[in-house]
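K.L.:
sequence-free structure coming up:
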């Protein structure tokens, strides 16, 4: 897939930090910024999908009582302490 150029406005400090990271990774700044955007988009898409699944479950009445969740996690934490 062909790549398309775009521009991003960054303050001097952030741009310098990106430059330092790119140098440490032996990659161009553009590669680092593109990779960061890809990861951000993937994470946000996942989050939106999970929220939508949760809303759908709630709309369908598929809910878990807070006390049940709390009991489960307290038991899990206690088991890890042993």
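P.N.:
Yep, it's here. Since the structure is predicted, the reported quantities are computational estimates derived from the model, not experimental observations.
K.L.:
So for the residue positioned nearest the centre of the chain, what's the pLDDT?
P.N.:
Central residue of the chain (CA atoms, centre = their mean): residue 43, 3.6 Å from the mean position. Predicted confidence (pLDDT) for residue 43: 98.
K.L.:
Check the one 4 residues further on too.
P.N.:
pLDDT for residue 47: 98.
K.L.:
What helix or strand is it located in?
P.N.:
Using DSSP states H and E, residue 47 maps to helix 29-59.
K.L.:
same for that helix, what does it pack against?
P.N.:
Helix 29-59 sits against helix 12-25, with contacts defined as 3 or more CB pairs under 8 Å, 6 or more residues apart in numbering; DSSP states H and E. C-beta: built from backbone N, CA, C; applies to glycine.
K.L.:
List of residues touching the helix it packs on?
P.N.:
10, 28, 29, 31, 32, 33 (CB atoms under 8 Å, 6 or more residues apart in numbering).
K.L.:
need the residues you listed in a markdown table with pLDDT and distance to residue 59, can you?
P.N.:
Formatted as a markdown table, the contacts of helix 12-25 follow (pLDDT from 0 to 100; distance: CB to CB, whole Å):
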| residue | pLDDT | distance to residue 59 |
| --- | --- | --- |
| 10 | 97 | 41 |
| 28 | 97 | 46 |
| 29 | 96 | 45 |
| 31 | 96 | 42 |
| 32 | 97 | 41 |
| 33 | 96 | 39 |
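K.L.:
Return the members of those classed as buried.
P.N.:
Buried residues within the contacts of helix 12-25, counting neighbours by 16 or more other CB atoms under 10 Å: 32, 33.
K.L.:
Reformat the contacts of helix 12-25 into a markdown table and put distance to residue 66 next to each item.
P.N.:
Output for these, formatted as a markdown table (distance: CB to CB, whole Å):
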| residue | distance to residue 66 |
| --- | --- |
| 10 | 42 |
| 28 | 49 |
| 29 | 47 |
| 31 | 45 |
| 32 | 42 |
| 33 | 42 |
